[in-house]
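>>> Requesting a structural model of the entry that follows:
(2 chains)
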Amino acid sequence: MALPDSPASPATRQAKRPMARYFLTNEFGLAALIVLFAVLFGVTAQGFLSPFNLFALGRTASINIMIGLAMMVVIVTGGLNLALGAIGVCAAIFCGFLIQDAGLAWPLAIVLALALGAALGSINGWITVRSGLHSFIITLATMSIFFGAMIFLTRAQSYRGLPPELTSFGRIKIVEIVSPLLVVTVVVALLLAYLYRLTALGREMLAAGAKAEAAELSGVRVGRVFIICHMLSGAIAAVAALMLTARNGAAIPSMAGQLGQDWLLPAFLAPVLGGTLLTGGRVSVLGTCLGAFLVTMLTSGLLLMQIGEFWIQSFLGLLLLAAVLIDKSRRMLLDRSKLS
Amino acid sequence: MTQTVFEARQVSKFFPGVKALAEVSLDLHTGSIHALLGENGAGKSPLIKIITGVYRPDEGELFLDGNPIALTGPRDAIANRIGVVHQERNLIGRFSVAENIHLERLGAFPLKPIDYAALNRMASQWLDELGLDIDPRTPVSRLSVAKMQMVEIAKALSLRSRVLLLDEPTASLTAHETDILFALLRKLRDTGASLLFVSHKLEEVQEICDRVTVLRDGRNACQSRSMEGLGRQDLVRMMIGRGEDAGRWTARDRTGNPVALQLSEVSTGLGHRNVNLAVHKGEIVGLYGLVGAGRTELAKCIMGKFPITGGQLRVGGTPVVIRSVADAIHRHGIGYLSEDRKQEGLVLMHSVLENAGITVWRQLARWLAALTDGTIRTKVAPFIEKLEVKTPSLDQTVGNLSGGNQQKISVAKWLAAGVDILIVDEPSVGIDIKTKAYLHDLLRQLSDDGTAILLITSDMPEMVALADRIVVLNDYRVEGELINSGQYDTMSHAIMDLIHRVEAA
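Next comes the predicted model:
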């Protein structure tokens, strides 16, 4: 059914949006939840609002957001990257090796580590595009391959002799409570928002993710775009792992758990809470950031309330399930308010 | 003796801010084929959805056999033996034909083993009745689009519907398949069924329907009257409120112009052999063929989606090898308007602006500089306005617009890209008469302005109304080439002769 409206013109381009629609956005819901829980924890959990806890919270959140973004850039294509933890750890260990064993200057080592992350990501992308298989199965395989190869080559060695410039990065405080890691995250998030909103490449990623056939016949090099998405994912995962290394003061093979699997829950939670469509084609950078922040805050608050670590894992799993279900009903509500 | 089996009396349907249907009435008789006509947006789909139980009317009543009924949902409609064949195919690709036909009844006893032999036997009965030579065990995904449509009809028939709605059933059928379908519909009518036939093809409506209801702007332009004495012009006047403009086809000879696109002895990876074809600047060349003749496939090979394995492709006189669709568009200026708007033409979940701008992002992008919505809007808005796309804003999701408006956006995309060669594949599938006439004018005008157009269509009147020359393709080979005389009868005979000459040999 057609809408009985006048032809589009730049003058009428600002569609009138009912306020209800604004309140139904993911970002608004997340922001409201964050405020709600902040108040709740501030009142009930001792020390939640202390400068140290806020600093620690921001530092952890910055890493979780980065992990979420690494997954988000691949979810855009309708795919996913199970290997992002493995890629991150490989990059961090490589960085440690370059500094400690190869004696490279740390800035150069970081650049090469990021390059390794991007390279491993593009291997995922290349195999996915060439084989035509879903990235689920490809990255499941490469997760084991990358991690296994890294353990074999390094004999599971940790690198603890990192220069103070690098490790202090995880410790210094800007104005009492802000970690420089948070600044890095904000910069990366802003760059990604710029990519999706204001560049041809970002628009192509969204179009190819939403409907690959249509995008290709409109002149988008879908294969190349998908490979770039995976490459970006690898690079962002490497950033996340280097941030974690700076915080820990060492590059440790088990920093993201066995095969890097510990990262998977935050990686999916953040974009899904944030309203990025799992089927691809729609993305919310802000939503991902808020989603990751909410998860971090909940974890921290619950820990302070002395609820056991294992319960928190279950709780986060429940949160993921609830987020998906709420999102589904929210979308149905929005659809029903449309005219079609 | 006919009697009223179903009646909708003064039904209205409101959506927020819109009155989609206002006091519309319709009555269906037994042993009758009733046409439901109307432009896109006139209210046909809300009415169909009310009859099939998807929507409940906000005002008015429905009667079945004279008794008021309230349909609670599509299943309820089926239980009352009101069947529907949707325009969008509702088949499950991996399931067999027989399973699809019996889909609604498979779930009755979840744990009871399914008797496939009986299932297939029953399915064959319905397929035979339709004159379809399909093994009921074939997965639906292996069938051609036309065959799928016939399976849908078999499915509706197997539900023993007394009232059967057919929503554009012929949209993807060839002339031959349409004839078979019509013979079947007549047979059903003679056994007392009541059919509601929705179509944009007035020729078909006149051929097969005996009664008609026309909707315009959500109201009855005419209510369940006999087709007797109604000519095509009368129907059109009721639908759009004014007469149809006569065909403006004029003979043109553009073969003196430089050649824009030339295929010499081209073979492709999809099986085309020795295809020769030339489109001159400012010319519309029609590519006619039955479904499965390899027309769309040839277009995709030209676009670089599939490889050309032999012969030579020339663009503007220069031999070229096109390796990707992006190359074809950005380097060689060739555009392809797909027949499958929803899968290959548009990104339905994205906005009008994103869809119309997708072909120009690369042109507009400057290294490191922001590509803002404003920049894209400046580029595409004139085309959206020129094509009179009806949308509340450029931010509107394309999936919410009508078929005609979606098609206009697909065209706007290529106008914005400024291509020299445009391949147009089935441009008027699922769009209304007004938009179709408009598109035809636009294509003629585009070619007058110098664009070379290769037109693929199964709609013979459309072919004769648009093309300067017609190339006939059959079984992935060129059978011949005709100069269009503009005379429908002679042209359609000449084309069919070319196709059947081969089949006879």
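>>> Every contact and neighbour count from this point should use C-alpha atoms.
Noted.
>>> Provide the count of other residues in contact range of residue 278.
This is for chain A. For A:Leu278, the neighbour count with other C-alpha atoms under 10 Å in any protein chain shown is 20.
>>> That was the other one, I meant chain B.
B:Ala278: 20 neighbours (other C-alpha under 10 Å).
>>> ok, what's across the strand from it?
Beta bridges link B:Ala278 to B:Gln262, judged by DSSP bridges.
>>> confidence score at it?
pLDDT recorded at B:Ala278 is 95.
>>> who touches it in this structure?
Neighbouring residues of B:Ala278 by C-alpha atoms under 8 Å, 6 or more residues apart in numbering or on different chains: B:259-263.
>>> Pull up the distance across stretch B:456-472, start to finish.
With C-alpha to C-alpha, to the nearest Å as the measure, stretch B:456-472 spans 10 Å from end to end.
>>> Could you do stretch B:125-136 as well?
10 Å.
>>> Equivalent analysis for stretch B:445-454, please.
Terminal residues of stretch B:445-454 lie 14 Å apart, using C-alpha to C-alpha.
>>> Provide the contact partners of it at residue level.
Contacts with stretch B:445-454, where a contact means C-alpha under 8 Å, 6+ apart, come from B:260-261, B:279-287, B:419-424.
>>> switch to 6 Å and redo it
B:280-286, B:420-423 (C-alpha atoms under 6 Å, 6 or more residues apart in numbering or on different chains).
>>> which regions of the stretch 51-200 of chain A sit below the pLDDT cut-off?
Regions of the stretch 51-200 of chain A meeting the criterion pLDDT under 70 are absent.
>>> In it, which residue sits nearest chain B?
With C-alpha to the nearest C-alpha, the shortest gap between the stretch 51-200 of chain A and chain B falls at A:Leu198, namely 4.7 Å.
>>> And the helix or strand harbouring A:Leu265, what does it pack against?
Take DSSP states H and E as the rule and A:Leu265 turns out to sit in helix A:264-274. Helix A:264-274 sits against helix A:51-75, helix A:285-304, with contacts defined as 3 or more C-alpha pairs under 6 Å, 6 or more residues apart in numbering or on different chains; DSSP states H and E.
>>> Tell me which other helices or strands the lowest-mean-pLDDT helix or strand in chain B touches.
Ranked by mean pLDDT, DSSP states H and E, the helix or strand of chain B with the weakest confidence is helix B:103-106, at a mean of 74. With contacts taken as 3+ C-alpha pairs under 6 Å, 6+ apart, helix B:103-106 sits against no other helix or strand.
>>> Can you tell me what sits against the helix or strand following that helix?
Per DSSP H and E, helix B:103-106 leads on to helix B:116-129 as the next helix or strand towards the C-terminus. Residues from elsewhere that reach helix B:116-129 (C-alpha under 6 Å, 6+ apart): B:98, B:136, B:154.
>>> How far off centre is helix B:116-129?
Distance of helix B:116-129 from the chain centroid (C-alpha atoms, centre = their mean, to the nearest Å) equals 29 Å.
>>> Buried residues in that helix, which are they?
Neighbour-count burial for helix B:116-129, counted by 16 or more other C-alpha atoms under 10 Å in any protein chain shown, picks out B:119-120, B:122-124, B:126-127.
>>> got it, and stretch A:122-140?
Using 16+ other C-alpha under 10 Å as the test for burial, stretch A:122-140 gives A:122-129, A:135, A:138-139.
>>> and what of stretch B:338-352?
B:338-339, B:341-342, B:344-352.
>>> Same check on stretch B:482-501?
Buried residues in stretch B:482-501, counted by 16+ other C-alpha under 10 Å: B:482, B:484-486, B:488, B:491, B:495, B:498-499.
>>> Next: stretch B:443-452.
Neighbour-count burial for stretch B:443-452 flags B:443-444, B:446-448, B:450-452 (criterion: 16+ other C-alpha under 10 Å).
>>> What is the nearest of the buried residues of stretch B:482-501 to A:Leu80?
Checking the buried residues of stretch B:482-501 against A:Leu80 by C-alpha to C-alpha gives B:Ile499 as the nearest, at 49.1 Å.
>>> which non-adjacent residue is nearest that closest one?
Nearest residue to B:Ile499 in three dimensions, chain neighbours excluded: B:Asn474, at 6.4 Å (C-alpha to C-alpha, 6 or more residues apart in numbering or on different chains).
>>> What count of nearby residues applies to that neighbour?
For B:Asn474, the neighbour count with other C-alpha under 10 Å is 23.
>>> for A:Val35, same thing?
Neighbour tally, A:Val35, other C-alpha under 10 Å: 12.
>>> do the same with A:Gly223
18.
>>> same check, this time on A:Arg171
18.
>>> what does the one 5 residues further on give?
A total of 11 residues lie near A:Glu176 under the criterion other C-alpha under 10 Å.
>>> Skipping its backbone neighbours, what lies nearest it in space?
Closest to A:Glu176 by C-alpha to C-alpha, 6+ apart is A:Pro51, at 6.6 Å.
>>> same thing with A:Leu242?
Nearest residue to A:Leu242 in three dimensions, chain neighbours excluded: A:Ala92, at 5.4 Å (C-alpha to C-alpha, 6+ apart).
>>> Can you tell me the element B:Gln233 falls in?
Secondary structure from DSSP H and E places B:Gln233 in helix B:232-240.
>>> in terms of contact, does A:Ala83 touch A:Ser144 like I think?
No - the criterion here is C-alpha atoms under 6 Å, and A:Ala83 misses it with A:Ser144 at 7.9 Å.
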